[in-house]
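>>> got a sequence here, can you model it:
(4 chains)
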2 protein chains.
Amino acid sequence: MLQDEPFKSNTRRAVHDLRELIFSGELEAGSDHLESELAERLSMSRTPVREATLMLEAQGLLEVRPRKGVRILALSADDMDEIYEVLTELESLAAALAADAQYCKKDLNTLAKSIDDMEVAVTNEDRVAWAKADGDFHHELVRLSKNSRIMAIVSNFNDQVRRARMTTLHIRPLPKKSNEEHRALFEAIVSGDAKAARDIHWNHRTSARKMLTELLNGHGLKRI
Amino acid sequence: MLQDEPFKSNTRRAVHDLRELIFSGELEAGSDHLESELAERLSMSRTPVREATLMLEAQGLLEVRPRKGVRILALSADDMDEIYEVLTELESLAAALAADAQYCKKDLNTLAKSIDDMEVAVTNEDRVAWAKADGDFHHELVRLSKNSRIMAIVSNFNDQVRRARMTTLHIRPLPKKSNEEHRALFEAIVSGDAKAARDIHWNHRTSARKMLTELLNGHGLKRI
DNA sequence: GAATTAATTAATGTATACATTAATGAGAAA
DNA sequence: TTTCTCATTAATGTATACATTAATTAATTC
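Okay, the predicted model is just below:
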């Protein structure tokens, strides 16, 4: 599956590989790792690994703790709450901006497609496919805002909660009614109703957030 | 003025010093600088300078352009617009959260103090003092939200627009009526009216934003 | 003379040796 | 035993030499 991509530099590869290791859980949340360990693991010297860890620290995926190694991000329920608070707000803004932008239906094809994909996935009870389509939907929504800063922040926070989402994906209820909200949002964007778009998405996100926190608390997942 | 702080490492010092050089304008917006130049300037080897530039790139203050040196951030009017769009949204959220948090008047002393300071500064037509107090006000407002992610993003974006603010500070009209809005926001927070707090601050920020963009465009400041 | 290619150069990228320092543990004094 | 000091150690922090490579210039061919 993995074809060895040509990386511009070892630092770039280190960033990429460490992200993969973190997302896959091979580097467990909360675990500590020495620079030299990671360097050996990635078959390179400490220099590019150090540079990579500093970048990943800035992205909030790990914490560099001098003499104790880097610690992989472990989110508490409060952290999740903070992140979802920001995500909710910025995505709702994105929805409003998308509505204001007066897109024609053709420009919204990608968005429509992912709604359909979610529909199919829910029918098939295929959670992985649903997660993919849902991710695409949110990504496209934010892209339509045309604000690169919103895109960057949202993408960054999505990285931070990626593992948590993976975990909850299989214990959460199937999102059967959620697509009604997606379609309502779509209509609001088509018709240029920014206020409605914002509110619909805000409510959508807020209820998802509530569900998630309760789920995590219910399962006693303190740090993830 | 500058007492040499004890830095944990040269990398830390490089981050600090480069930030100062950028904020002060000694490293001009849009200018390019080789790692070796900067290293000599800061009296250290390339290694900590490289690490510092990677961190500052992640903070959006410069761009590492292999073989062309690092380029200091230069904001276009569109960039300013994007940033202020996010700042407006997140600060308004912070205002709503602060109102929800049910602070007693004593907890809001710092906020009240900076409003008074702004009042005095405007009376004295002391723009620098006003900017300081205004900065304090916004910082405290965000702190009251108790959401560390909002704090981090807002502080980051404030860094990015710092030079632009300095520039406009002396060509903008004195903010005479702006403190009425601050006091109204304060009251909304005291009385726990989240909706009002959010709206007041949103309008406050939105009009400031409009003023700023017009000012920049009017003075033909394309990149700053 | 224009275009292509090869040599040079100047910068970054990387490994490594070494310096520094926080943490650990051993040993001495109370 | 407890505490303090000091040596040890194990990690990061830093400088530097060298590898690599994009960009530039010179050279060659058409």
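>>> tell me the domain ranges of chain A?
Listed domain ranges for chain A are A:10-72, A:77-218 (source: automatic domain parsing).
>>> nearest to B:Leu75, of those domains?
Of all these, it is domain A:77-218 that lies closest to B:Leu75, at 11.3 Å by CB to CB. Using the backbone N, CA and C atoms, a C-beta is placed for each residue, glycine as well.
>>> separation between the residue in chain A that chain B sits nearest to and B:Met55?
As assessed by CB to the nearest CB, chain B sits closest to A:Ala58 within chain A, at 3.3 Å. From A:Ala58 over to B:Met55 the distance is 6 Å, taken as CB to CB, to the nearest Å.
>>> of these two, which one has the most company?
Taking other CB atoms under 10 Å in any protein chain shown, A:Ala58 and B:Met55 do not tie; B:Met55 has more neighbours (21 against 17).
>>> surely that one touches A:Glu51?
No - using CB atoms under 8 Å, B:Met55 is not in contact with A:Glu51, being 9.7 Å away.
>>> quick revisit: for the residue of chain A closest to chain B, what are its contacts?
Contact partners of A:Ala58, counting by CB atoms under 8 Å, 6 or more residues apart in numbering or on different chains, are B:Met55, B:Ala58, B:Gln59.
>>> closest one of those to B:Ala95?
Proximity of the contacts of A:Ala58 to B:Ala95 was ranked by CB to CB; the top entry is B:Gln59 with 24.8 Å.
>>> now the closest one: closest residue in space that isn't a chain neighbour?
Spatially, and ignoring its direct neighbours in sequence, B:Gln59 is nearest to B:Asn156 (5.9 Å; CB to CB, 6 or more residues apart in numbering or on different chains).
>>> what does the model give the one you found for pLDDT?
The model reports B:Asn156 with a pLDDT of 97.
>>> wasn't it part of a helix?
Yes - per DSSP: H, G, I helix; E, B strand; the rest coil, B:Asn156 lies within a helix segment.
>>> can you report how many residues lie near it?
B:Asn156, neighbours per other CB under 10 Å, totals 17.
>>> my guess is it meets B:Leu73, correct?
No - here B:Asn156 lies out of contact with B:Leu73, judged by CB under 8 Å, at a distance of 11.7 Å.
>>> any common contacting residues for those two?
Common neighbours of B:Asn156 and B:Leu73 (CB under 8 Å, 6+ apart) are B:Gly60.
>>> that older thread, quick one: the residue of chain A closest to chain B from DNA strand D, how far?
A:Ala58 is 14 Å from DNA strand D, where distance means CB to the nearest atom of the strand, to the nearest Å.
>>> contacts only, for A:Gly198.
To be clear, residue A:198 is Arg; Gly isn't right here. Contacts for A:Arg198 were tallied using CB under 8 Å, 6+ apart; they are A:Ser92, A:Leu93, A:Ala95, A:Ala96, A:Ala99.
>>> swap in 10 Å and give it another go.
A:89, A:91-100, A:185, A:188 (CB atoms under 10 Å, 6 or more residues apart in numbering or on different chains).
>>> could you do A:Asp136 as well?
By CB under 10 Å, 6+ apart, A:Asp136 lies in contact with A:Thr110, A:Leu111, A:Lys113, A:Ser114, A:Ile115, A:Asp117, A:Met118.
>>> nearest residue to the third one other than its sequence neighbours?
Translated: A:Lys113. Closest residue to A:Lys113 apart from its sequence neighbours, by CB to CB, 6+ apart: A:Asp136 at 7.9 Å.
>>> center of chain A, which residue is that?
A:Asn158 (2.1 Å; CA atoms, centre = their mean).
>>> where does pLDDT dip in chain A?
For chain A, applying pLDDT under 70 flags the ranges A:1-5.
>>> of the contacts of A:Ala58, which belong to helices?
Judged by DSSP state H, the subset of the contacts of A:Ala58 located in helices is B:Met55, B:Ala58.
>>> do you know how far A:Ala99 is from DNA strand C?
41 Å.
>>> host element of that residue?
helix A:77-100 (DSSP states H and E).
>>> could you give the angle of the following helix or strand past that helix to helix A:77-100?
Next in sequence after helix A:77-100, counting helices and strands by DSSP H and E, comes helix A:109-123. Interaxial angle, helix A:109-123 versus helix A:77-100 (axes from the mean of the first three to the mean of the last three CA atoms, to 10 degrees): 130 degrees.
>>> buried ones in whichever helix or strand comes after helix A:109-123?
In the C-terminal direction, the helix or strand that comes right after helix A:109-123 (DSSP H and E) is helix A:127-144. Residues of helix A:127-144 classed as buried: A:130-131, A:133-134, A:136-144 (neighbour count, 16 or more other CB atoms under 10 Å in any protein chain shown).
>>> out of these, which comes closest to B:Arg19?
Ranked by distance to B:Arg19 (CB to CB), the buried residues of helix A:127-144 are led by A:Val142 at 29.0 Å.
>>> hang on, that closest one packs against A:Ser155?
Yes - between A:Val142 and A:Ser155 there is a contact at 7.8 Å, judged by CB atoms under 10 Å.
>>> overlap in contacts, the two.
By CB under 10 Å, 6+ apart, A:Val142 and A:Ser155 have no common neighbours.
>>> so, in contact with DNA strand C or not, the helix or strand encompassing A:Glu63?
Using DSSP H and E, A:Glu63 sits in strand A:62-65. No - for strand A:62-65, no contact with DNA strand C is found by CB under 7 Å from any atom of the strand; the gap never falls below 8.7 Å.
>>> please see if the helix or strand that that strand is followed by touches chain B.
Using DSSP H and E, the next helix or strand after strand A:62-65 towards the C-terminus is strand A:69-72. No - on the criterion CB under 10 Å from any CB of the partner chain, strand A:69-72 is out of touch with chain B, staying 14.0 Å away.
>>> what about strand A:69-72, near DNA strand C?
No - using CB under 7 Å from any atom of the strand, strand A:69-72 never reaches DNA strand C; the gap is at least 11.4 Å.
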